[in-house]
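Participant: Take a look and give me a structure for this.
(chains A, B, C and D)
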There are 2 protein chains.
Amino acid sequence: MPSKPAPITMDAVYTAPGYLFRRMQQIAVSIFIEECSAFDLTPVQYAALVAIHTHPGIDATRLSAVIAFDRSTLGNVIERLESKTLIERKPSQGDKRVKLLYLSKAGASVLRDIMPSVERAQVRMLQPLKPTDRKTLLALLTQLVDLNNEASRVPLRAEDALEHLGKAG
Amino acid sequence: MPSKPAPITMDAVYTAPGYLFRRMQQIAVSIFIEECSAFDLTPVQYAALVAIHTHPGIDATRLSAVIAFDRSTLGNVIERLESKTLIERKPSQGDKRVKLLYLSKAGASVLRDIMPSVERAQVRMLQPLKPTDRKTLLALLTQLVDLNNEASRVPLRAEDALEHLGKAG
DNA sequence: CTCAGATTGACAGTATACTTACAATATCGG
DNA sequence: CCGATATTGTAAGTATACTGTCAATCTGAG
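Facilitator: Sure, this is the predicted structure:
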């Protein structure tokens, strides 16, 4: 016998993991923007700066794998970072298709200065929970993101970051 | 004495709650779109349909409070739902500024039919975790979203949904 | 070495998600 | 009743976050 369909209520939305993830993401971005308002950097731009700092001379495609944004999205992000003169794009000698990414002095300076604000934002996101619960949530979320990596359209490929070392400038 | 700043590493990004929330959001949307591909509905459009189903005759501003999307975003969502003829907009008699929202027959039908796919998507998001861990994560996330409600730019105001009952048609 | 196939960055298109601003309309204090 | 104030929907602008497609370029099989 077929089971009766569940009634359609708002509660079904409010308790759905997908809805909670969306809400939490909205809240996290709000808090980040607020804490870092002095620097005019979005969370995505911050992550890109860190990755370029950590992997100087990386190209856009590899960068997209390292921070798990798709290439199209990242193109715009890079453009904005370049127009703010936080990064520089130089053509690769070896491969004429590729443009290598480097932090500018201004970019390195902004990145250094923004760190405390970023740290404050990350703390604030979890602040309402008890310390034990913060650890539990973070551990479970890390696990879940990792195990679901392949389910996302742009899986994280941290190891790709190393490949550019062979083909620099 | 001032403490030395932490070194800037990708690990600082990967373990930051904000980054994990963003990743999880990306994954959740991917899974939803995949499971519901037959219906051509996004997660946001689905949530809006449910809210209009639950509160027939609601207006856009109140709807935005009920699902916690801002009014501007919701304007576009409503437009798309209307152009797909899943909802109808009727002017309110009492208040000439307001347009009241109703599900069309097609909208009600799509909403009924999509429910199993939505349910499958929600299950899949948490699938990689052990059942106990799923419950823990959901409980902590629900708590955190609730306690951080005011931190988001568009706080959830579920109770607003009831106000439209007085001013229908 | 050459050509099929892959890769790279760029572009166009769609859909959130927010900001500020604005005109039309409501409402409330005096 | 009337004018300051608030609300509603809409629009323009910015920033993710995807889908495609495309030309330029590179790589590898034969």
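Participant: Give the buried residues for stretch A:79-95.
Facilitator: Counting neighbours by 16 or more other C-beta atoms under 10 Å in any protein chain shown, one finds that the buried residues in stretch A:79-95 are A:80-82, A:86-88, A:92. The way it works is simple: take the backbone N, C-alpha and C, and place the C-beta from them, glycine included.
Participant: possible to save the residues you listed as JSON lines with distance to B:Asp133, secondary structure and pLDDT?
Facilitator: Listed next are these as JSON lines, based on distance: C-beta to C-beta, whole Å; DSSP: H, G, I helix; E, B strand; the rest coil; pLDDT from 0 to 100:
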{"residue": "A:Arg80", "distance to B:Asp133": "38", "secondary structure": "helix", "pLDDT": "95"}
{"residue": "A:Leu81", "distance to B:Asp133": "38", "secondary structure": "helix", "pLDDT": "96"}
{"residue": "A:Glu82", "distance to B:Asp133": "42", "secondary structure": "helix", "pLDDT": "96"}
{"residue": "A:Leu86", "distance to B:Asp133": "39", "secondary structure": "coil", "pLDDT": "97"}
{"residue": "A:Ile87", "distance to B:Asp133": "39", "secondary structure": "strand", "pLDDT": "97"}
{"residue": "A:Glu88", "distance to B:Asp133": "44", "secondary structure": "strand", "pLDDT": "96"}
{"residue": "A:Ser92", "distance to B:Asp133": "45", "secondary structure": "coil", "pLDDT": "91"}
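Participant: which ones among the residues you listed come in contact with DNA strand D?
Facilitator: On the criterion C-beta under 7 Å from any atom of the strand, A:Arg80 are the entries of the buried residues of stretch A:79-95 that sit beside DNA strand D.
Participant: Need the buried residues of stretch A:79-95 in JSON lines (columns: distance to DNA strand C).
Facilitator: Formatted as JSON lines, the buried residues of stretch A:79-95 follow (distance: C-beta to the nearest atom of the strand, whole Å):
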{"residue": "A:Arg80", "distance to DNA strand C": "12"}
{"residue": "A:Leu81", "distance to DNA strand C": "12"}
{"residue": "A:Glu82", "distance to DNA strand C": "9"}
{"residue": "A:Leu86", "distance to DNA strand C": "16"}
{"residue": "A:Ile87", "distance to DNA strand C": "12"}
{"residue": "A:Glu88", "distance to DNA strand C": "13"}
{"residue": "A:Ser92", "distance to DNA strand C": "8"}
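Participant: Mind telling me the two of the buried residues of stretch A:79-95 farthest from one another?
Facilitator: By the measure C-beta to C-beta, the buried residues of stretch A:79-95 have their two most distant members at A:Arg80 and A:Ser92, which lie 21.8 Å apart.
Participant: What ranges in chain A fall below the confidence cut-off?
Facilitator: Along chain A, the parts satisfying pLDDT under 70 run over A:2, A:159-169.
Participant: just the strands in it please.
Facilitator: A:58-59, A:87-91, A:99-103 (DSSP state E).
Participant: in the last one, what counts as buried?
Facilitator: Of the residues in strand A:99-103, those buried under the neighbour-count criterion (16+ other C-beta under 10 Å) are A:100-103.
Participant: what does chain A put close to DNA strand C?
Facilitator: Contact residues (C-beta under 7 Å from any atom of the strand) of chain A with DNA strand C: A:22, A:25-26, A:30, A:59-62, A:71-72, A:75, A:78, A:95, A:97-99.
Participant: B:Val50: which of the residues you listed is nearest?
Facilitator: Using C-beta to C-beta, A:Arg22 is the member of these that lies nearest B:Val50, at 13.8 Å.
Participant: What about the residues of chain A next to DNA strand C, which one has the most neighbours?
Facilitator: Counting neighbours by other C-beta atoms under 10 Å in any protein chain shown, A:Arg22 leads the residues of chain A next to DNA strand C with 24 neighbours.
Participant: dump the residue contacts of that one.
Facilitator: If a contact means C-beta atoms under 8 Å, 6 or more residues apart in numbering or on different chains, then A:Arg22 has B:25, B:28-29, B:43 as its contacts.
Participant: Could you point out the longest helix of chain A?
Facilitator: In chain A, assigned by DSSP state H, the helix with the most residues is helix A:105-126.
Participant: Check whether that helix comes near chain B.
Facilitator: Yes. Helix A:105-126 lies within reach of chain B by C-beta under 8 Å from any C-beta of the partner chain, at A:111-112, A:115-116, A:118, A:121-122, A:124-126.
Participant: Could you measure from A:Thr142 over to DNA strand D?
Facilitator: 18 Å (C-beta to the nearest atom of the strand, to the nearest Å).
Participant: That residue reaches B:Tyr19, doesn't it?
Facilitator: No. With contact defined as C-beta atoms under 8 Å, A:Thr142 does not reach B:Tyr19; the gap is 10.1 Å.
Participant: More neighbours: which of these two?
Facilitator: The residue with more neighbours, out of A:Thr142 and B:Tyr19, is B:Tyr19; 23 against 16, by other C-beta under 10 Å.
Participant: And A:Tyr14, how far from DNA strand D?
Facilitator: Separation of A:Tyr14 from DNA strand D (C-beta to the nearest atom of the strand): 22 Å.
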